[in-house]
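> Here is a sequence with its predicted model. Questions after.
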Amino acid sequence: MDFEFTTEQKEMQEAARKFAKGEFTRELALKHEEEHSFPEEIWKKAAELGFIGLHFPEDFGGLGLGVIENVIVVEEFCRRDSGIGTAIALSDFASEIIMRHGSDAQKSKYLPAVASGKMISAGAFTEPNHGSDITRMDTTAVKEGDSWVINGTKTFITNGQIADFYLTLCQVDQDVAPSYKGMAIILVPKDTEGLGTEDVGSKMGIRMTSTAEVSYDDVRVPVENLIGAEGKGFYQVLEFFDESRVEIAATALGIAAGAFDRALAYTMEREQFGRSIAKFQVNQHKLADMATAIEYARLLTYKAGWNFDQGRIDPKLTSMAKYVAAKTAVYVSDEAIQLMGGYGYMTEYEVERFYRDAKISEIYEGTKEIQKNTIASQIFKEF
């Protein structure tokens, strides 16, 4: 058992850390936070340096690396800034479905564009009436001649108003039982007639990430926009979730580490009663608990990423990683605010924003309750 990064992984970690330190400035973060705008200029620079889609095959614009390398970069980005890091990490959201199930033509058209910073992707799965339950879709796709005609509504879609294409989970067979066997994923370009997006409104956190409702009103796309085969959409999404849960865990891990960094620096600099508050035992115990929780989350997250890179699907492990990392991000960010007192509550000191950005990791890509359901289900199967 080897817990050491390879030389190449260490170099990638250092490169990601250096890039984030140079580009993710506090001033720029506050600007995008206040404007609720996507950090496009940083995203393009990150793509130029190969940080986007680095797990794509080299033939399709990537570096041919794995989930572990993606986790390394995402952790460093979110550690430097929770909002910018999350927005950039999710710019290629759901494009893995094309990578793993798309045709060569689809891969050639979309993956290099995503990796080079020319396109942003979106996965349109969640619906207003179903939430985390994707076993039945109200969004339908009907084949008419050489086209699919799509009708329905998706909500809380990441990159919803800035995406260049939407990987849309549709019900293509209304009569099959169970219903999830009648689903398909269909790619819908942003400029398709009948496709509409609307911002969901002001959010608690991740304000640099676009979150929108996406509507389909007789949206017509060619039949070749089907990803993989009819009836396989549900399974494709489940496989994607097993990979994406690791990435969300990495964002949460980075947020926790970033909040800890700021709290530690503050306690070492702040003086009360003639000495640094880091010397007070109660604060040392807080920091010890926070550091231990982060290491716990890091071990689970990297193990889940490594396991996926071995070609193994393990929903229990990836759910554990996301559940623990998300819980850790919320806990550590909360404790960071507590350690910093009134200053921690102020936007200028950043940890209040880290706290707000942390909370979503317990909600999207399956709530913490859904993760517990998955873990328990797998435990019973193994038994």
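Yep, that arrived.

> what's stretch 43-52 in contact with?
15-16, 19, 23, 53, 63, 73, 77, 87-88, 91-92, 114-117 (Cβ atoms under 8 Å, 6 or more residues apart in numbering). Using the backbone N, CA and C atoms, a C-beta is placed for each residue, glycine as well.

> List the buried residues of stretch 194-203.
195, 197 (16 or more other Cβ atoms under 10 Å).

> show me what contacts the closest residue to Ile42 other than its chain neighbours?
Sequence neighbours aside, Glu23 is the residue nearest to Ile42 in space, at 5.2 Å (criterion: Cβ to Cβ, 6 or more residues apart in numbering). Residues in contact with Glu23 (Cβ under 8 Å, 6+ apart) are 42, 45-46.

> Need the pLDDT of Glu23.
You'll see Glu23 listed with a pLDDT of 97.

> Out of the contacts of Glu23, which comes closest to Tyr355?
Checking those against Tyr355 by Cβ to Cβ gives Ile42 as the nearest, at 22.2 Å.

> if I pick the closest one, what's in contact with it?
Ile42 neighbours (Cβ under 8 Å, 6+ apart): 23-24, 28, 84, 88.

> Nearest to Met346 among those residues?
Using Cβ to Cβ, these come closest to Met346 at Leu28, 18.5 Å.

> Farthest-apart pair in the contacts of Ile42, please.
Farthest pair in the contacts of Ile42, by Cβ to Cβ: Leu28 and Ile88, 12.4 Å.

> mind listing what's buried in stretch 360-367?
360-362, 364-366.

> how long is that stretch end to end?
9 Å (Cα to Cα, to the nearest Å).

> Please apply the same query to stretch 140-148.
10 Å.

> Quickly find the element holding Ile72.
Per DSSP states H and E, Ile72 falls inside helix 67-80.

> Next secondary structure element downstream of that helix?
Heading towards the C-terminus - elements assigned by DSSP H and E - helix 67-80 is followed by helix 82-89.

> what's that following helix packed up against?
Where contact means 3 or more Cβ pairs under 8 Å, 6 or more residues apart in numbering; DSSP states H and E, helix 82-89 is packed against helix 26-35, helix 40-48, helix 67-80, helix 233-269, helix 351-359.

> Domains in the chain, by residue range?
As assigned by automatic domain parsing, the chain contains the domains 7-115, 121-233, 235-382.

> Mind checking which residue lies nearest the centre of this structure?
Centroid-nearest residue in the chain: Ile248, 4.2 Å away (criterion: Cα atoms, centre = their mean).

> doesn't Lys322 make contact with it?
Yes. Counting by Cβ atoms under 8 Å, Ile248 does reach Lys322; the two are 5.5 Å apart.

> what touches both of the two?
Here Ile248 and Lys322 share the contacting residues 361, 365, scored by Cβ under 8 Å, 6+ apart.

> so who does Asn159 touch?
Applying Cβ under 8 Å, 6+ apart to Asn159 gives the contacts 90-91, 93, 120-122, 209-210.

> mind redoing it with 6 Å?
93, 120, 122, 210 (Cβ atoms under 6 Å, 6 or more residues apart in numbering).

> Find the nearest non-adjacent residue to the third one, please.
For Ala122, the nearest residue in space outside its immediate sequence neighbours is Ala163; the separation is 3.6 Å by Cβ to Cβ, 6+ apart.

> hang on, the one you found is in a helix, isn't it?
No. Membership of Ala163 in a helix is not supported by DSSP: H, G, I helix; E, B strand; the rest coil, which gives coil.

> Kindly list the single helix or strand of this structure that scores lowest on mean pLDDT.
strand 271-272 (a mean of 85; mean pLDDT, DSSP states H and E).

> Next secondary structure after it?
As assigned by DSSP H and E, the chain's next helix or strand after strand 271-272 is strand 275-276.

> relative to helix 67-80, how tilted is the following helix or strand past that next one?
Using DSSP H and E, the helix or strand that directly follows strand 275-276 along the chain is helix 281-309. Calculated by axes from the mean of the first three to the mean of the last three Cα atoms, to 10 degrees, helix 281-309 forms an angle of 150 degrees with helix 67-80.

> now helix 281-309: how far from the chain's centre is it?
Its chain's C-alpha centre and that of helix 281-309 lie 19 Å apart, by Cα atoms, centre = their mean, to the nearest Å.

> got the angle for the next helix or strand after that helix vs helix 281-309?
Per DSSP H and E, the first helix or strand lying C-terminal to helix 281-309 is helix 315-344. Relative orientation of helix 315-344 versus helix 281-309 (the same axes, to 10 degrees): 150 degrees.

> Would you mark the buried spots in helix 315-344?
315-337, 339-340, 344.

> now stretch 98-109
If you call a residue buried by 16+ other Cβ under 10 Å, then stretch 98-109 has these buried ones: 98-99, 101-102, 106-107, 109.

> swap in stretch 138-158?
For stretch 138-158, the buried set under the neighbour-count rule, 16+ other Cβ under 10 Å, comprises 139-141, 147-158.

> Between its first and last residues, how far does that stretch reach?
End to end - Cα to Cα - stretch 138-158 spans 19 Å.

> centre of the chain versus it, how much separation?
So, by Cα atoms, centre = their mean, the centroid of stretch 138-158 is 24 Å from its chain's centroid.

> and what of stretch 4-18?
Per Cα atoms, centre = their mean, the centroid offset for stretch 4-18 relative to its chain is 21 Å.

> And for stretch 178-194?
On the basis of Cα atoms, centre = their mean, stretch 178-194 sits 21 Å off its chain's mean C-alpha point.

> Buried residues in that stretch, which are they?
180, 182-188, 190, 192.
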